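Engineer: need the 3D shape of this:
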Amino acid sequence: MKDFINSPPTRNTTNLNYWRRNYFVLAGLHITCQTIKELNPLINKAKINCFGTKHVEIKSDWLRNPNRRKKHYLDVFNIDEIKLKNFIEKEWYSFMEKYSESIQIQAFVLDKRYYKNNRTIFTPLQILTQVLFDRVELHPHKNCVIVFDQMDSEIKSTDHNQGQILKISSKKIDLGSFHKKFSHTKPRFEKSKNSNFLQLADTVAYNVYRQFVNYGDLNENLDIKTVERYPYLNRLINNFYNKNNKITGYGIVRVPKATKNPLK
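Structural biologist: Residues are numbered from 1 along each chain as shown. Okay, the predicted model is just below:
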């Protein structure tokens, strides 16, 4: 039997589907209320200038897929490819770049190859939610509100994703946390179509996902670039939470760590 952990397929166009199905990413933004108050009107204005309305959901998978791009943007708002591309490249990503000192990124990457066994009873979302809460507890601004994308219609149902997130937050479910309790308030849930900042978080998650699928892990430090980077991720790189330019374990948290195999 082939060892897909120690001898994985090469990252190329032939094997892309293998890598696509083996990564799960959760990403978030550390952002102050003041920055939200300042930036939200600017994002809305840019959307209105491009689409004629602020009620537009920016989703990376829609933008990258020609059919979805046509369905959700070009046809609906009667714009062409050039106008859409200009908005994304000159406006959307520039919001993160201009606010690199006040918007911090943390992204959590699960390598699902290590968790495909009967001993793993938790879902990728549950695993990374636990890691997210643990890492936020180590952040200087741990007393915060965490807002998740509303993935289910029944927010408080314990049978749905939101219910599982709430139970992990309240410690009713514990996947091995090293904190007795969390400092963040009870998580909130919003529909991403109504939140510019959940849409920005989606952009981050997509680009981190593409980084790992196409090229693999990033270098530990921001000033080292021996590993090729996904082009659009380069525009977000200065937003990653880091300590002395080290982003591994801070801005990018890989589960499991590159040096740890939980199956051994």
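Engineer: show me where pLDDT drops low in the protein?
Structural biologist: For the chain, the stretches with pLDDT under 70 are 1-6, 117-120, 151-159, 258-264.
Engineer: all strands for it, in order.
Structural biologist: For the chain, applying DSSP state E gives strands covering 23-31, 103-111, 147-149, 188-190, 252-255.
Engineer: could you identify which of the ones you listed is most buried?
Structural biologist: Highest mean neighbour count of the strands of the chain: strand 103-111, a mean of 24 (counted as mean count of other C-beta atoms under 10 Å). In this view, the C-beta of every residue, glycine as well, is placed from N, C-alpha and C.
Engineer: now do the helices in the chain.
Structural biologist: Counting by DSSP state H, one finds helices in the chain at the ranges 16-20, 33-51, 60-64, 66-69, 75-77, 81-86, 93-98, 124-137, 161-169, 196-214, 231-234.
Engineer: what would these look like in TSV with distance to residue 220?
Structural biologist: As requested, these are arranged in TSV below (distance: least, C-beta to C-beta, whole Å):
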stretch	distance to residue 220
helix 16-20	21
helix 33-51	27
helix 60-64	25
helix 66-69	35
helix 75-77	42
helix 81-86	33
helix 93-98	22
helix 124-137	16
helix 161-169	28
helix 196-214	14
helix 231-234	15
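Engineer: CSV for these, including mean neighbour count and distance to residue 175?
Structural biologist: Supplementary listing: the helices of the chain in CSV, determined by neighbours: other C-beta atoms under 10 Å; distance: least, C-beta to C-beta, whole Å:
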stretch, mean neighbour count, distance to residue 175
helix 16-20, 15, 25
helix 33-51, 14, 30
helix 60-64, 15, 28
helix 66-69, 12, 34
helix 75-77, 12, 41
helix 81-86, 13, 41
helix 93-98, 16, 30
helix 124-137, 20, 4
helix 161-169, 20, 7
helix 196-214, 22, 20
helix 231-234, 16, 28
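Engineer: hang on, the earlier thing: residue 72 is nearest to which of the strands of the chain?
Structural biologist: Closest to residue 72 of those, according to C-beta to C-beta: strand 147-149, at 16.9 Å.
Engineer: strands paired with the closest one, and their directions?
Structural biologist: Under the criterion DSSP bridges, strand 147-149 sits next to strand 188-190 (parallel) in its sheet.
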